[in-house]
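Q: no sequence for this one, just the structure:
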DNA sequence: CCTTGTCCCGACCGATCGTTCGGTTACTCT
DNA sequence: AGAGTAACCGAACGATCGGTCGGGACAAGG
């Protein structure tokens, strides 16, 4: 039978603890001692589950990036009018951001000091570029205003969406995610179409 | 006569170098060795000008906060219809953000590990609250839509504005600042009024 | 009973951290 | 010329960093 009980750490359950501490103290501001204390095990025990601090970061940002790139593979992001696909992607970005909140938070704070961080930054740029093309196509099809530069608008829209990680905290209310997604779509897309 | 030549460091000119390195590597990711290398002097010489690493951070975030709070004291932020004052404050926030870019960048990335960082976070919250009241008043006067929660809208607007530090880099073009400010005002305020 | 492997630990490693200290250079003022 | 001081330096401090090492506790399988 496959194991079901989880009274001991797996790489993933340890990651869950680590990412939370990373987000509270910052990656560089977090020592292995901090992680050990938060996980309730000794510092050296962490190395039984993962190869080191950087693997934890790599696993975390990878999970975030998989969630984001997954959006672009969904049918509604690939078919139809560019403006509609853009709205769908914006809405799904908010949902993924919230669903994978701690992992995306960590991704968005990466600075580029190590190889792992630079790889994360590169993949982020790639994702941004894919969404920017969507906005460019929507402009070409005449569905968004032409007096705001596409590159500038893309950055501002990303800025608004990504800022969600700075204040959103999960609560009991069902539909809170949808409410946030609705507000973003309303603010951004009416502003763009205006 | 007052000294004019600047072939040696002052606390402020050293701060200028330090803040740039802080923004590249992150505050925690920056060692005094990094700062010394960037400044072209030895590590111990830094302590001739400032008391330590944390004073550099304190000076930097203080400069950013003074710029932001200064906006609220300007006449156009204090008189007139709330919606107009809001538009003025939003526009001036973009301008201050760009004028004091490295200092505001550092302020926006503070995590709260030390006393200085927690003080910075508290003042930031105070500023956010002041602007949120402006938006609330504009809603009460019927100048912005009522179907988006004020608290939520405030956060999204701040997110868009603050995200500027993540991508704006000064160039030779005059009027680039105004262009950015115009785009933000258009996107945000037509979205809000819509 | 004995082996095997998982999970964990305290002790320790060399390196680097922010900071301090004693001292040297070079310019200013009298 | 001599005193004072601003600006700087190399060497070293105790503390902490990420990571290693040898081994103990314990359950599973033969």
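A: That came through fine. Everything quoted here is computed from the prediction, not taken from an experiment.
Q: from here on, just use CA atoms for contacts and neighbour counts.
A: OK.
Q: is the longest helix belonging to chain A in proximity to DNA strand D?
A: Counting by DSSP state H, the longest helix found in chain A is helix A:115-140. No. Helix A:115-140 lies out of reach of DNA strand D by C-alpha under 7 Å from any atom of the strand, never closer than 11.9 Å.
Q: so for that helix, mean pLDDT?
A: Helix A:115-140 shows a mean pLDDT of 97.
Q: now it: buried residues?
A: For helix A:115-140, the neighbour count (16 or more other C-alpha atoms under 10 Å in any protein chain shown) marks A:116-117, A:119-121, A:124, A:131-139 as buried.
Q: ok, for the spatially most central residue of chain A, nearest residue in space, not its chain neighbours?
A: Centroid-nearest residue in chain A: residue A:104, 2.9 Å away (criterion: C-alpha atoms, centre = their mean). The shortest distance from residue A:104 to any non-neighbouring residue, by C-alpha to C-alpha, 6 or more residues apart in numbering or on different chains, is to residue A:64 (4.9 Å).
Q: report how many residues lie close to that neighbour.
A: 25 (other C-alpha atoms under 10 Å in any protein chain shown).
Q: average pLDDT for the host helix or strand of it, rounded please.
A: According to DSSP states H and E, residue A:64 maps onto helix A:53-73. When pLDDT is averaged over helix A:53-73, the result is 98.
Q: and that helix, is it in reach of DNA strand D?
A: Yes. Using C-alpha under 7 Å from any atom of the strand, we find that helix A:53-73 touches DNA strand D at A:53-54.
Q: quick check: what element follows that helix along the chain?
A: helix A:82-99.
Q: who does that next one touch, helix- and strand-wise?
A: helix A:53-73, helix A:115-140, helix A:150-162, helix A:176-193 (3 or more C-alpha pairs under 8 Å, 6 or more residues apart in numbering or on different chains; DSSP states H and E).
Q: just put these in a markdown table and tack on distance to residue B:83.
A: Below are the helices and strands packed on helix A:82-99 laid out as a markdown table (distance: least, C-alpha to C-alpha, whole Å):
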| stretch | distance to residue B:83 |
| --- | --- |
| helix A:53-73 | 36 |
| helix A:115-140 | 29 |
| helix A:150-162 | 21 |
| helix A:176-193 | 16 |
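Q: mind pulling up the pLDDT for the closest residue to residue A:29 other than its chain neighbours?
A: Distance criterion C-alpha to C-alpha, 6+ apart; nearest residue to residue A:29, sequence neighbours excluded, is residue B:28 at 5.6 Å. Looking at residue B:28, its pLDDT reads 98.
Q: quick check: which element contains residue B:28?
A: Using DSSP H and E, residue B:28 maps to neither a helix nor a strand.
Q: what about it, neighbour count?
A: Neighbours of residue B:28 using other C-alpha under 10 Å come to 15.
Q: would you agree it is in contact with residue A:28?
A: Yes. The criterion here is C-alpha atoms under 8 Å, and residue B:28 meets it with residue A:28 at 5.6 Å.
Q: neighbours of the closest residue to DNA strand D within chain A, just the number please.
A: Going by C-alpha to the nearest atom of the strand, DNA strand D is nearest to residue A:31 of chain A, at 3.0 Å. Residue A:31 is flanked by 16 other residues according to other C-alpha under 10 Å.
Q: point out the residues in chain A that sit beside DNA strand C.
A: A:8-10, A:40-45, A:48-49.
Q: 6 Å instead, please
A: Taking C-alpha under 6 Å from any atom of the strand as the criterion, chain A approaches DNA strand C at residues A:8-9, A:41-42, A:44-45, A:48.
Q: mind telling me the two of the residues you listed farthest from one another?
A: Maximum pairwise distance in the residues of chain A next to DNA strand C, criterion C-alpha to C-alpha, is 15.3 Å, between A:8 and A:44.
Q: neighbour count winner among those two?
A: residue A:44 (12 against 7).
Q: flag every buried residue along the helix or strand in which the more buried one is found.
A: Assessed by DSSP H and E, residue A:44 sits inside helix A:43-49. Buried residues in helix A:43-49, defined by neighbour count with 16+ other C-alpha under 10 Å: A:43, A:46.
Q: which residues touch that helix?
A: A:9-11, A:14, A:32-33, A:35-37, A:52 (C-alpha atoms under 8 Å, 6 or more residues apart in numbering or on different chains).
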